[in-house]
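Enquirer: what's the 3D shape of this:
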Amino acid sequence: MTKEREFSYIAENEGRVDLISSRVLSIPRSVFSYPSMSIMVDGKAVRKSERIKEGSKVEIKYTEEVMEGLEKEDIPLSVLYEDDDILVIDKAQGMSVHPGAGNWSGTVANALLGLYGEDFETGDDSMRPGIVHRLDKDTSGVMVIAKTKEAHLSLTTQFSNHSNEKYYLALSKGFFAQSEGYIDKRIVRDRNNRKKFTVTDRKSEGKDALTKYRVLGQGKHCALLRLRIYTGRTHQIRVHLSSIGHSVLGDPIYSRPDKEYGDATLMLHAERLVIDHPITGERMVFRSNMPQRFLPIMEKEGIVWSSKE
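Expert: Residues are numbered from 1 along each chain as shown. This is a model prediction of the structure:
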(Lines give C-alpha, C1' and ligand atoms only; values in the text may rest on other atoms or scores of the structure.)
Protein backbone atom coordinates (compact mmCIF):
# COMPACT_ATOMS: atom_id res chain seq x y z
CA MET A 1 0.00 0.00 0.00
CA THR A 2 1.32 3.45 -0.89
CA LYS A 3 0.60 6.76 0.75
CA GLU A 4 1.16 10.33 -0.38
CA ARG A 5 3.17 12.46 2.03
CA GLU A 6 3.08 16.26 1.95
CA PHE A 7 4.94 18.68 4.23
CA SER A 8 5.70 22.38 4.22
CA TYR A 9 7.64 24.67 6.53
CA ILE A 10 9.54 27.94 6.70
CA ALA A 11 13.29 27.43 7.00
CA GLU A 12 14.84 28.89 10.13
CA ASN A 13 18.40 28.13 9.02
CA GLU A 14 20.54 28.10 5.90
CA GLY A 15 21.88 24.87 4.40
CA ARG A 16 21.11 21.95 2.11
CA VAL A 17 17.40 21.43 1.71
CA ASP A 18 17.57 17.65 2.29
CA LEU A 19 19.56 17.98 5.51
CA ILE A 20 17.39 20.73 6.95
CA SER A 21 14.13 19.05 5.90
CA SER A 22 15.19 15.72 7.39
CA ARG A 23 15.94 17.41 10.70
CA VAL A 24 12.88 19.65 10.82
CA LEU A 25 10.35 17.04 9.61
CA SER A 26 11.92 14.00 11.32
CA ILE A 27 12.06 12.01 8.12
CA PRO A 28 14.98 9.80 7.02
CA ARG A 29 17.41 11.29 4.50
CA SER A 30 16.89 8.18 2.38
CA VAL A 31 13.43 9.38 1.30
CA PHE A 32 15.05 12.18 -0.69
CA SER A 33 16.28 9.51 -3.11
CA TYR A 34 12.76 8.24 -3.80
CA PRO A 35 11.78 8.56 -7.50
CA SER A 36 8.54 10.24 -6.38
CA MET A 37 10.33 12.94 -4.36
CA SER A 38 9.34 16.50 -5.22
CA ILE A 39 11.03 19.47 -3.55
CA MET A 40 9.80 23.03 -4.06
CA VAL A 41 11.54 26.07 -2.58
CA ASP A 42 9.63 29.34 -2.87
CA GLY A 43 7.57 27.76 -5.66
CA LYS A 44 10.55 26.52 -7.66
CA ALA A 45 11.47 22.85 -8.16
CA VAL A 46 14.97 22.12 -6.82
CA ARG A 47 17.34 19.20 -6.25
CA LYS A 48 17.92 17.73 -2.82
CA SER A 49 21.39 19.30 -2.73
CA GLU A 50 20.00 22.81 -3.21
CA ARG A 51 21.07 25.29 -0.54
CA ILE A 52 18.24 27.28 0.97
CA LYS A 53 18.14 30.53 2.92
CA GLU A 54 16.47 31.42 6.18
CA GLY A 55 12.84 32.32 5.51
CA SER A 56 12.47 30.11 2.45
CA LYS A 57 9.20 28.23 2.07
CA VAL A 58 9.90 24.54 1.54
CA GLU A 59 7.32 22.07 0.21
CA ILE A 60 8.02 18.33 0.19
CA LYS A 61 5.92 15.67 -1.57
CA TYR A 62 6.62 11.98 -2.06
CA THR A 63 5.00 8.55 -2.10
CA GLU A 64 6.07 5.73 0.19
CA GLU A 65 5.09 2.20 1.06
CA VAL A 66 3.17 1.89 4.33
CA MET A 67 1.96 -1.08 6.29
CA GLU A 68 -1.73 -1.95 5.90
CA GLY A 69 -2.04 -3.76 9.20
CA LEU A 70 -0.13 -5.31 12.04
CA GLU A 71 1.38 -8.71 11.27
CA LYS A 72 1.62 -11.40 13.91
CA GLU A 73 5.08 -12.75 14.59
CA ASP A 74 6.43 -15.57 16.72
CA ILE A 75 8.70 -13.50 18.96
CA PRO A 76 9.49 -14.68 22.50
CA LEU A 77 8.74 -12.25 25.32
CA SER A 78 10.23 -12.38 28.81
CA VAL A 79 7.12 -12.62 31.01
CA LEU A 80 7.28 -11.35 34.59
CA TYR A 81 3.58 -11.82 35.40
CA GLU A 82 0.34 -12.74 33.67
CA ASP A 83 -3.32 -13.20 34.57
CA ASP A 84 -6.61 -12.87 32.68
CA ASP A 85 -6.39 -9.07 32.56
CA ILE A 86 -2.74 -8.00 32.29
CA LEU A 87 0.61 -9.16 31.00
CA VAL A 88 3.85 -7.77 32.45
CA ILE A 89 7.02 -8.22 30.42
CA ASP A 90 10.71 -7.45 30.73
CA LYS A 91 11.28 -5.68 27.40
CA ALA A 92 14.63 -6.30 25.77
CA GLN A 93 16.87 -3.46 24.66
CA GLY A 94 16.62 -2.85 20.92
CA MET A 95 12.97 -3.90 20.67
CA SER A 96 10.45 -1.25 19.65
CA VAL A 97 7.08 -1.24 21.38
CA HIS A 98 5.03 -0.77 18.19
CA PRO A 99 5.64 -0.44 14.44
CA GLY A 100 6.68 2.85 12.93
CA ALA A 101 8.36 4.28 9.85
CA GLY A 102 11.19 1.99 8.79
CA ASN A 103 10.45 -0.41 11.64
CA TRP A 104 7.43 -2.50 10.72
CA SER A 105 8.32 -5.79 12.38
CA GLY A 106 9.97 -7.31 15.42
CA THR A 107 8.06 -5.14 17.88
CA VAL A 108 6.24 -5.90 21.12
CA ALA A 109 2.94 -5.33 19.29
CA ASN A 110 3.86 -7.93 16.64
CA ALA A 111 4.78 -10.37 19.40
CA LEU A 112 1.46 -9.80 21.21
CA LEU A 113 -0.50 -10.53 18.06
CA GLY A 114 1.51 -13.71 17.58
CA LEU A 115 0.91 -14.69 21.19
CA TYR A 116 -2.82 -13.99 21.46
CA GLY A 117 -4.04 -14.16 17.87
CA GLU A 118 -5.41 -11.73 15.33
CA ASP A 119 -8.48 -10.91 17.43
CA PHE A 120 -6.35 -9.45 20.22
CA GLU A 121 -7.29 -5.77 20.26
CA THR A 122 -7.99 -3.94 23.49
CA GLY A 123 -7.59 -0.28 22.50
CA ASP A 124 -8.62 2.09 19.74
CA ASP A 125 -5.41 1.62 17.73
CA SER A 126 -5.13 -1.72 15.91
CA MET A 127 -1.40 -1.15 15.42
CA ARG A 128 -0.87 -1.00 19.20
CA PRO A 129 -2.94 -3.82 20.71
CA GLY A 130 -2.85 -3.78 24.50
CA ILE A 131 -0.26 -1.00 24.63
CA VAL A 132 -0.95 1.48 27.44
CA HIS A 133 2.53 3.02 27.76
CA ARG A 134 5.86 2.73 26.01
CA LEU A 135 9.58 2.50 26.51
CA ASP A 136 12.13 3.81 24.04
CA LYS A 137 13.52 1.17 21.71
CA ASP A 138 16.87 1.07 23.51
CA THR A 139 15.41 1.29 27.02
CA SER A 140 14.91 -2.14 28.58
CA GLY A 141 12.72 -3.19 31.47
CA VAL A 142 9.22 -3.50 32.91
CA MET A 143 6.15 -2.94 30.73
CA VAL A 144 2.52 -3.72 31.46
CA ILE A 145 0.07 -4.70 28.70
CA ALA A 146 -3.73 -4.75 28.88
CA LYS A 147 -5.44 -7.98 27.81
CA THR A 148 -9.01 -6.69 28.03
CA LYS A 149 -10.77 -3.44 27.20
CA GLU A 150 -11.58 -2.91 30.87
CA ALA A 151 -7.93 -3.30 31.79
CA HIS A 152 -6.90 -0.98 28.96
CA LEU A 153 -9.19 1.78 30.18
CA SER A 154 -8.03 1.46 33.79
CA LEU A 155 -4.33 1.36 32.98
CA THR A 156 -4.41 4.26 30.52
CA THR A 157 -6.20 6.29 33.20
CA GLN A 158 -3.49 5.43 35.74
CA PHE A 159 -0.73 6.48 33.37
CA SER A 160 -2.64 9.63 32.47
CA ASN A 161 -3.22 10.79 36.05
CA HIS A 162 0.20 9.55 37.24
CA SER A 163 -1.23 7.42 40.05
CA ASN A 164 1.28 4.68 39.25
CA GLU A 165 4.99 4.69 40.16
CA LYS A 166 7.82 4.30 37.64
CA TYR A 167 11.44 3.73 38.68
CA TYR A 168 14.50 3.46 36.47
CA LEU A 169 18.18 2.65 36.76
CA ALA A 170 20.70 4.63 34.74
CA LEU A 171 24.42 5.02 34.36
CA SER A 172 24.93 8.74 34.07
CA LYS A 173 28.05 10.65 33.05
CA GLY A 174 30.08 12.69 35.50
CA PHE A 175 30.34 13.12 39.26
CA PHE A 176 27.31 14.13 41.32
CA ALA A 177 27.99 16.60 44.13
CA GLN A 178 24.57 15.87 45.67
CA SER A 179 23.40 12.37 46.57
CA GLU A 180 19.83 13.10 45.45
CA GLY A 181 17.71 15.79 43.94
CA TYR A 182 14.77 16.79 41.77
CA ILE A 183 14.79 18.00 38.18
CA ASP A 184 11.70 20.12 37.60
CA LYS A 185 11.91 21.44 34.05
CA ARG A 186 9.33 21.71 31.29
CA ILE A 187 10.02 19.64 28.17
CA VAL A 188 9.37 20.81 24.62
CA ARG A 189 10.19 19.44 21.17
CA ASP A 190 13.44 20.81 19.77
CA ARG A 191 12.73 23.35 17.03
CA ASN A 192 15.85 22.40 15.07
CA ASN A 193 15.50 18.64 15.34
CA ARG A 194 12.03 17.13 15.52
CA LYS A 195 13.40 13.84 16.84
CA LYS A 196 14.78 15.55 19.94
CA PHE A 197 13.33 17.27 22.97
CA THR A 198 14.77 19.97 25.19
CA VAL A 199 13.93 21.88 28.37
CA THR A 200 12.39 25.33 28.49
CA ASP A 201 11.73 27.99 31.12
CA ARG A 202 8.70 29.29 29.25
CA LYS A 203 5.46 28.25 30.91
CA SER A 204 3.63 28.78 27.64
CA GLU A 205 5.69 26.07 25.93
CA GLY A 206 6.02 22.33 26.35
CA LYS A 207 4.75 20.20 29.21
CA ASP A 208 5.64 20.05 32.89
CA ALA A 209 8.02 17.24 33.85
CA LEU A 210 9.38 16.13 37.21
CA THR A 211 12.17 13.62 37.84
CA LYS A 212 13.72 12.56 41.15
CA TYR A 213 17.17 10.96 41.22
CA ARG A 214 19.23 9.25 43.88
CA VAL A 215 22.88 8.31 43.50
CA LEU A 216 23.46 4.65 44.35
CA GLY A 217 27.16 4.61 43.58
CA GLN A 218 29.82 6.67 41.83
CA GLY A 219 32.93 5.89 39.83
CA LYS A 220 35.50 8.00 38.05
CA HIS A 221 33.52 8.48 34.84
CA CYS A 222 29.91 7.79 35.72
CA ALA A 223 27.37 7.21 38.48
CA LEU A 224 24.61 4.67 39.03
CA LEU A 225 21.27 6.36 39.62
CA ARG A 226 17.79 5.30 40.58
CA LEU A 227 15.23 7.67 39.13
CA ARG A 228 11.52 8.12 39.60
CA ILE A 229 9.52 10.00 37.01
CA TYR A 230 6.34 11.65 38.24
CA THR A 231 5.29 12.49 34.69
CA GLY A 232 5.70 10.47 31.51
CA ARG A 233 7.14 12.73 28.85
CA THR A 234 8.96 11.37 25.82
CA HIS A 235 12.69 10.97 26.57
CA GLN A 236 12.06 12.57 29.99
CA ILE A 237 14.99 11.06 31.90
CA ARG A 238 17.36 11.47 28.98
CA VAL A 239 16.43 15.12 28.47
CA HIS A 240 16.45 15.99 32.18
CA LEU A 241 19.83 14.40 32.91
CA SER A 242 21.34 16.00 29.83
CA SER A 243 20.01 19.39 30.97
CA ILE A 244 22.04 19.20 34.20
CA GLY A 245 25.21 18.01 32.47
CA HIS A 246 24.87 14.32 33.36
CA SER A 247 23.56 12.65 30.20
CA VAL A 248 22.83 8.93 30.16
CA LEU A 249 25.85 6.89 29.13
CA GLY A 250 25.50 5.56 25.60
CA ASP A 251 22.74 7.98 24.61
CA PRO A 252 23.12 8.58 20.85
CA ILE A 253 20.81 11.61 20.83
CA TYR A 254 21.49 13.62 23.97
CA SER A 255 25.14 12.78 24.57
CA ARG A 256 28.40 12.91 22.68
CA PRO A 257 30.30 9.62 22.21
CA ASP A 258 32.09 8.73 25.43
CA LYS A 259 35.88 8.35 25.23
CA GLU A 260 36.00 5.75 27.98
CA TYR A 261 32.93 3.75 26.95
CA GLY A 262 32.51 4.44 23.25
CA ASP A 263 30.80 1.10 22.61
CA ALA A 264 28.19 1.55 25.33
CA THR A 265 24.54 1.32 24.33
CA LEU A 266 21.86 3.30 26.16
CA MET A 267 22.34 2.66 29.89
CA LEU A 268 18.72 3.17 30.92
CA HIS A 269 16.50 0.45 32.41
CA ALA A 270 12.90 0.46 33.67
CA GLU A 271 13.55 -1.30 36.97
CA ARG A 272 10.21 -1.17 38.74
CA LEU A 273 6.55 -0.42 37.99
CA VAL A 274 3.83 -0.01 40.60
CA ILE A 275 0.18 -0.09 39.50
CA ASP A 276 -3.29 -0.79 40.81
CA HIS A 277 -4.62 -4.00 39.31
CA PRO A 278 -7.27 -2.83 36.82
CA ILE A 279 -9.92 -5.24 38.10
CA THR A 280 -9.15 -6.09 41.73
CA GLY A 281 -7.62 -2.73 42.67
CA GLU A 282 -4.70 -4.47 44.43
CA ARG A 283 -1.50 -2.41 44.53
CA MET A 284 1.07 -4.47 42.62
CA VAL A 285 4.85 -4.10 42.25
CA PHE A 286 6.78 -5.53 39.31
CA ARG A 287 10.58 -5.58 39.13
CA SER A 288 13.23 -6.33 36.54
CA ASN A 289 16.78 -7.28 37.49
CA MET A 290 19.81 -5.15 36.71
CA PRO A 291 20.58 -5.71 33.00
CA GLN A 292 23.81 -7.48 32.13
CA ARG A 293 25.07 -4.60 30.00
CA PHE A 294 25.46 -2.45 33.16
CA LEU A 295 27.73 -4.89 34.99
CA PRO A 296 31.08 -4.61 33.12
CA ILE A 297 30.99 -0.82 33.37
CA MET A 298 30.04 -0.89 37.04
CA GLU A 299 32.86 -3.34 37.75
CA LYS A 300 35.38 -1.18 35.93
CA GLU A 301 34.14 1.92 37.79
CA GLY A 302 34.18 0.15 41.14
CA ILE A 303 30.46 0.72 41.69
CA VAL A 304 29.01 -1.77 44.15
CA TRP A 305 25.23 -2.01 44.33
CA SER A 306 22.59 -4.06 46.07
CA SER A 307 19.02 -4.47 44.78
CA LYS A 308 17.84 -3.71 48.33
CA GLU A 309 19.07 -0.12 48.11
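
Enquirer: For the stretch 101-250 of the chain, give me the ranges with low pLDDT.
Expert: For the stretch 101-250 of the chain, applying pLDDT under 70 flags the ranges 101-102, 118-119, 121-126.

Enquirer: can you give me the strands in it?
Expert: 140-146, 165-173, 180-184, 186-189, 197-200, 210-218, 222-229 (DSSP state E, counting those that start in this stretch).

Enquirer: ok, the residue most central in space within the chain - contacts?
Expert: Nearest to the mean C-alpha position of the chain, counting by C-alpha atoms, centre = their mean, stands D136 at 2.8 Å. Contact analysis of D136 by C-beta atoms under 8 Å, 6 or more residues apart in numbering lists 235, 238, 266, 268. No exception for glycine: its C-beta is placed from N, CA and C like everyone else's.

Enquirer: Equivalent analysis for V79, please.
Expert: With contact set as C-beta under 8 Å, 6+ apart, V79 has these partners: 87-90.

Enquirer: at 10 Å instead, please
Expert: Residues in contact with V79 (C-beta atoms under 10 Å, 6 or more residues apart in numbering) are 87-90, 115.

Enquirer: sorry, back to before: adding distance to N192 and neighbour count, write the contacts of D136 out as CSV.
Expert: Formatted as CSV, the entries for those read as follows, by distance: C-beta to C-beta, whole Å; neighbours: other C-beta atoms under 10 Å:
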residue, distance to N192, neighbour count
H235, 15, 21
R238, 17, 22
L266, 22, 24
L268, 24, 30
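
Enquirer: What does the pLDDT read for the closest residue in space to H221 that isn't next to it in sequence?
Expert: Take H221 and drop its neighbours on the chain: the residue closest to it by C-beta to C-beta, 6 or more residues apart in numbering is E260, 4.9 Å away. On the pLDDT scale, E260 is placed at 89.

Enquirer: ditto for the one 3 residues further on
Expert: On pLDDT, D263 comes in at 91.

Enquirer: Number of residues surrounding it?
Expert: Per other C-beta atoms under 10 Å, the neighbour tally for D263 reads 7.

Enquirer: Need the three-state assignment for it.
Expert: The three-state assignment at D263 reads coil, by DSSP: H, G, I helix; E, B strand; the rest coil.

Enquirer: could you pull out the helices for the stretch 51-200 of the chain?
Expert: Secondary structure of the stretch 51-200 of the chain (DSSP state H, counting those that start in this stretch): helices at 108-116, 149-161.

Enquirer: and the strands of the stretch 101-250 of the chain, which is most packed in?
Expert: Taking mean count of other C-beta atoms under 10 Å as the contact definition, the stretch among the strands of the stretch 101-250 of the chain with the greatest mean neighbour count is strand 140-146, which reaches a mean of 25.

Enquirer: thinking again about what came up before, take the helices of the stretch 51-200 of the chain and lay them out in JSON lines including distance to T211.
Expert: Conversion of the helices of the stretch 51-200 of the chain to JSON lines gives the following (distance: least, C-beta to C-beta, whole Å):
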{"stretch": "helix 108-116", "distance to T211": "24"}
{"stretch": "helix 149-161", "distance to T211": "16"}
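
Enquirer: Tell me which of the ones you listed is the most buried.
Expert: Neighbour counts averaged per stretch over those are highest for helix 108-116, at a mean of 22; criterion: mean count of other C-beta under 10 Å.

Enquirer: What helices and strands are in contact with that helix?
Expert: Judged by 3 or more C-beta pairs under 10 Å, 6 or more residues apart in numbering; DSSP states H and E, the packing partners of helix 108-116 are strand 86-91, strand 140-146.

Enquirer: Would you reformat the ones you listed as CSV and include distance to R283?
Expert: As requested, these are arranged in CSV below (distance: least, C-beta to C-beta, whole Å):
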stretch, distance to R283
strand 86-91, 14
strand 140-146, 13
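
Enquirer: Relative to V142, how far out is D18?
Expert: The spacing between D18 and V142, counted by C-beta to C-beta, to the nearest Å, is 40 Å.

Enquirer: hmm, back to that, P252 is nearest to which of the helices and strands packed on helix 108-116?
Expert: For P252, the closest of the helices and strands packed on helix 108-116 is strand 140-146, at 15.5 Å, according to C-beta to C-beta.

Enquirer: Just the angle for the closest one relative to helix 108-116, thanks.
Expert: Angle of strand 140-146 versus helix 108-116, following axes from the mean of the first three to the mean of the last three C-alpha atoms, to 10 degrees, is 50 degrees.
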